[in-house]
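Participant: Turn this into a model:
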Amino acid sequence: MSDERALLAAICSQPEEDTPRLAYADWLDEHAGAMPKQKRGSVRMRAELIRVQCELARLPPHEEDVDTAIRRIELELRQGKLLSNTARRESWAKPLKPPPGSEGLRAHTSFFSFVRGFPGFATGSASDFLNAGETLFGLSPVHFIECLNIHGETGDRFLAQQWLTRARRLTISTNLYDRKGGLDGTDVTTTEKLFAARTLATLEELQLRNWEFGAPGSPLAGRALSSLRSLELDSGTSRGPQSFVRLGELLPAEVRLRDFSLSMMHYSVDELRIFADLAQARRLERLTLGLRSYDSAPLGPNGVRVITSAPFWVHLREFGNAQGYGGFTQAHVEELAAAPPAPNLRTLSFVSGQLGFGGSGFDTLAESAVLESVTKLDLGPGRFGDDTVQALAKSPYLNRLLNLQLGQSGIGPTGMKALTEAPWAANVVRLDLSNNSIKKRGIDALLSPRAFPRLRYLNVRGSVRSRTDKDRLRARFGDGVRV
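Facilitator: Numbers count the residues shown, from 1 in each chain. Take a look at the predicted model:
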């Protein structure tokens, strides 16, 4: 076996360790000079990518100080340049190709699929994985796999595969289809067998799509997901609070979820209340509430109150919505503003334009101590305008803020000037002002010598038209400007 193959084998056998990957990066640098001239640059860039992504993975997940936040941006900008070329990414994925007959199984080579220098994601059908899963895991340090539509005997065979012990994240569904190929519910038995599969005892992240659980008190095949830390329920069929009672039965008692997400399904305050009372959720650190459905009514302030009074509230580090929330309203935000202290809350997000209500809820939030520990605040697209931005600029509780997202928020020159003069702006290292109307006066304020002295990443796409102004912003803020 060649030195390179021995190093790649070590990486595949120890996918969680950085040492074999960094040793391979050193090998690439040492041997690049002896390779054909046209390959040398790509080989050295591959070595650099491994080092950059290993360092990124070691950074704490929450940007809690300026130096760490700046270093993260530097590494992400370099990572972006290294991964920008599609042909280069595909060459770096070789020889990670499944054998003939399993062409549907593949390691992803998209920009976001590389993890610590290698493709970390694989997708395919159940039959693809059954035919070549073991081979794939021998060729690539895959951590994350996606396999949809498993059920019945095929599902049993899939869940029995020993190479699944290598997976750390699994996206899966148990869809059933009628004779015409239309979706016909889900295989509840197979869904619950997931929670009993011994091959998934080391699984850390699970995304269930189109799920449905049995009734509380039904016989259990077992409980095996003792390492689970992240659970996402996506596009499922809830039987009301009973679904979450059943979830508590399926999860081992010793599990302590850190990350929980709901999206594209009907759920109510009662479901949230049952989940909040689960012993397995009491140390939750990240809660994401996605779109309930396109026609569902808002949860109302009671939903927010359930969250802010839950045992996990004092441990929560991230809270917000993704791709909508079925109607965050002024009343939601005002209820959040009245919540008890959240000493560990670092990220607060209100995304997807659900808050176009004039902004008075945000005005109240700006005066709330809930913001006191927040380092990332995502309020866009909110279309709330300059008055709310001025209220945020005066907030005495944003002194730890490092990352501010205000895309498509109706900000004009007055709001832009207020932001640059905010006392907390001196620490901001990331700023999204995309798709606003800041105009020349706002750009001039942004370019003033004292504005955002630590800023390393600035997104003003759709907000700046003039080439001259774009050049001025690049000259002031460097490679991190997106125009």
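Participant: okay, now Arg383: neighbour count?
Facilitator: Arg383 is flanked by 18 other residues according to other Cβ atoms under 10 Å. Backbone N, C-alpha and C define where each C-beta goes, glycine included.
Participant: Let me know the secondary structure of it.
Facilitator: Here Arg383 is recorded as coil under DSSP: H, G, I helix; E, B strand; the rest coil.
Participant: May I have the phi/psi pair for it?
Facilitator: Dihedral angles of Arg383 (phi, psi; degrees, to the nearest 10) stand at phi 60, psi 40.
Participant: Outline the domain layout of this structure.
Facilitator: For the chain, automatic domain parsing gives the domain ranges 3-81, 339-483.
Participant: could you redo the ones you listed as JSON lines and give each row distance to Ile274?
Facilitator: Output for these, formatted as JSON lines (distance: least, Cβ to Cβ, whole Å):
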{"stretch": "domain 3-81", "distance to Ile274": "28"}
{"stretch": "domain 339-483", "distance to Ile274": "20"}
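Participant: just so I know, which of those lies nearest Phe121?
Facilitator: Nearest of the domains of the chain to Phe121, taken as Cβ to Cβ: domain 3-81 at 12.6 Å.
Participant: First-to-last residue distance for that closest one?
Facilitator: End-to-end span of domain 3-81 (Cα to Cα, to the nearest Å): 29 Å.
Participant: what's the average pLDDT for that domain?
Facilitator: Looking at domain 3-81 alone, the average pLDDT works out to 93.
Participant: Likewise for stretch 426-439?
Facilitator: Mean pLDDT, stretch 426-439: 95.
Participant: got it, and stretch 402-417?
Facilitator: So the average pLDDT for stretch 402-417 ends up being 94.
Participant: thinking again about what came up before, which one, of the domains of the chain, ends up nearest to Ser268?
Facilitator: Nearest to Ser268, of all these, is domain 339-483, at 17.7 Å by Cβ to Cβ.
Participant: how long is the closest one end to end?
Facilitator: Where domain 339-483 begins and where it ends lie 38 Å apart, using Cα to Cα.
Participant: starting at the chain centroid, how far to that domain?
Facilitator: Put simply, domain 339-483 sits 21 Å off its chain's centre (Cα atoms, centre = their mean, to the nearest Å).
Participant: which stretches of this protein have low pLDDT?
Facilitator: Residue ranges of the chain with pLDDT under 70: 1, 94-104, 106-107, 178-183, 291-299, 322-329, 351-360.
Participant: related to what we said a few turns ago, right, and the domains of the chain - which one's nearest Glu271?
Facilitator: Glu271 sits nearest to domain 339-483 of all the domains of the chain, at 19.6 Å, using Cβ to Cβ.
Participant: From Pro311, how far off is Ala338?
Facilitator: 19 Å (Cβ to Cβ, to the nearest Å).
Participant: do Thr468 as well
Facilitator: Thr468 sits 55 Å away from Pro311, going by Cβ to Cβ.
Participant: Of those two, which one has the most company?
Facilitator: When Thr468 is set against Pro311 and neighbours are counted by other Cβ under 10 Å, the residue ahead is Pro311, at 14 against 10.
Participant: so what's the closest residue to that one other than its chain neighbours up against?
Facilitator: Sequence neighbours aside, Arg282 is the residue nearest to Pro311 in space, at 4.4 Å (criterion: Cβ to Cβ, 6 or more residues apart in numbering). Neighbour list for Arg282: Arg256, Pro311, Phe312, His315 [criterion: Cβ atoms under 8 Å, 6 or more residues apart in numbering].
Participant: Which of the three states applies to the residue lying farthest from the centre of the chain?
Facilitator: Ranking residues of the chain by C-alpha distance from their mean position (Cα atoms, centre = their mean) puts Ala34 at the top, at 40.1 Å. Following three-state DSSP, Ala34 is assigned to coil.
Participant: Backbone dihedrals for it, both of them.
Facilitator: Torsion angles, degrees, to the nearest 10, at Ala34: phi -90, psi 0.
Participant: how close does it get to Arg40?
Facilitator: As judged by Cβ to Cβ, Ala34 and Arg40 stand 9 Å apart.
Participant: Now stretch 371-388 - C-alpha only, CSV.
Facilitator: Output of stretch 371-388 as CSV, limited to C-alpha atoms (Å, rounded to 0.1, in the frame of the first residue of the first chain):
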residue,chain,number,x,y,z
LEU,A,371,-30.7,40.8,24.6
GLU,A,372,-28.0,41.2,27.2
SER,A,373,-26.1,38.0,26.3
VAL,A,374,-26.9,37.9,22.5
THR,A,375,-24.0,37.9,20.1
LYS,A,376,-26.0,37.3,16.9
LEU,A,377,-29.3,39.0,16.1
ASP,A,378,-31.1,38.2,12.9
LEU,A,379,-34.1,40.4,12.1
GLY,A,380,-34.3,40.3,8.4
PRO,A,381,-36.1,40.4,6.2
GLY,A,382,-38.5,42.3,8.5
ARG,A,383,-39.3,45.5,6.5
PHE,A,384,-39.7,47.5,9.8
GLY,A,385,-37.9,50.7,8.8
ASP,A,386,-35.7,53.4,10.3
ASP,A,387,-37.7,54.0,13.5
THR,A,388,-37.0,50.5,14.7
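Participant: List the buried residues for that stretch?
Facilitator: 371-388 (16 or more other Cβ atoms under 10 Å).
Participant: what are the phi and psi values for Ile172?
Facilitator: According to degrees, to the nearest 10, Ile172 has phi -150, psi 150.
Participant: Count residues in the vicinity of it, would you?
Facilitator: Ile172 is flanked by 24 other residues according to other Cβ under 10 Å.
Participant: Excluding sequence neighbours, find me the nearest residue to it.
Facilitator: Among residues not flanking Ile172 along the chain, Cys147 sits closest, at 5.6 Å (Cβ to Cβ, 6+ apart).
Participant: and the one you found, how many neighbours does it have?
Facilitator: Residues near Cys147, counting by other Cβ under 10 Å, number 24.
Participant: repeat for Thr190
Facilitator: Thr190: 22 neighbours (other Cβ under 10 Å).
Participant: Assumed it was part of a helix.
Facilitator: Yes: read with three-state DSSP, Thr190 is one of the residues of a helix.
Participant: contacting residues for it?
Facilitator: Ile150, His151, Gly152, Gly155, Asp156, Thr174.
Participant: What does the last one show for phi and psi?
Facilitator: When quoted as degrees, to the nearest 10, the phi and psi of Thr174 stand at phi -120, psi 50.
Participant: burial count for it?
Facilitator: As a burial measure, Thr174 scores 25 neighbours (other Cβ under 10 Å).
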